[in-house]
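Participant: starting from these lines, generate the structure:
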Amino acid sequence: MSLLSAPNIFVYSLPVAAFLIYVPYMIVAAERVKLAQSMDEPMEVFSRPRFYADQLPDHAKRANWAHQNSIESFILYAPAAVVAYLTGQESTAALLAVVAYLIARLLFSAFYILNVAPLRSLMFGIGSLSIFSLYLMSCKSIWLQ
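Facilitator: Residues are numbered from 1 along each chain as shown. The predicted model follows:
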């Protein structure tokens with residue numbers, strides 16, 4: 001089986017998608033360190049991170065929201081990729097849905113952090129359409145058996 005075979009792409013997309021959850025969080029973590037360095041009791045920021053979330057700069061707040069949205073999206077994507085794998089999806093459309101999802105999620109976070117709402121919304125839509133197309137293709141193959 002080739003490294004870039006359809007089944008492998010579905011499987012390998014899962015850790016990539018999981019990693020993308022934490023890309024925006026790296027900005028949040030860096031800004032929390034900066035905030036902690038400016039405080040008399042720096043560990044307080046890390047002891048109560050949600051309490052201090054409002055004191056982060058705007059781009060870090062948006063990065064935190066992008067991180068949270070990425071978790072929510074992954075919850076839908078992971079089973080879609082697994083079901084596509086289990087139902088033997090190998091069509092170009094299924095593979096494009098996987099690639100489109102990963103690219104859209106990366107760009108979603110970037111546009112969210114940069115506060116480019118129209119492009120952020122477009123990437124959200126592409127990612128969501130990719131997820132639901134995987135479900136639809138998988139269900140179609142089950143129904144047609």
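
Participant: distance of the residue sitting furthest away from the middle of the chain from Ala97?
Facilitator: For the chain, the residue at maximal distance from the C-alpha centroid (Cα atoms, centre = their mean) is Asp40, at 35.1 Å. For Asp40, the distance to Ala97 equals 51 Å [Cβ to Cβ, to the nearest Å]. Heads up, the C-betas are built off the backbone N, CA and C, glycines and all.

Participant: before we move on, what about Ile71?
Facilitator: 20 Å.

Participant: higher neighbour count, those two?
Facilitator: Ranked by neighbour count (other Cβ atoms under 10 Å), Ile71 and Ala97 place Ala97 first, with 28 against 12.

Participant: now do the contacts for the more buried one.
Facilitator: Ser130, Ile131, Ser133, Leu134, Met137 (Cβ atoms under 8 Å, 6 or more residues apart in numbering).

Participant: in strands, which of the residues you listed appear?
Facilitator: Among the contacts of Ala97, DSSP state E puts none in strands.

Participant: if you rank those by neighbours, which is first?
Facilitator: Result: Leu134 is most packed of the contacts of Ala97 (other Cβ under 10 Å), 27 neighbours.

Participant: wouldn't that residue be in contact with Ser91 here?
Facilitator: No: at 10.5 Å, Leu134 does not count as touching Ser91 under the criterion of Cβ atoms under 8 Å.

Participant: report the secondary structure state of Gly88.
Facilitator: coil (DSSP: H, G, I helix; E, B strand; the rest coil).
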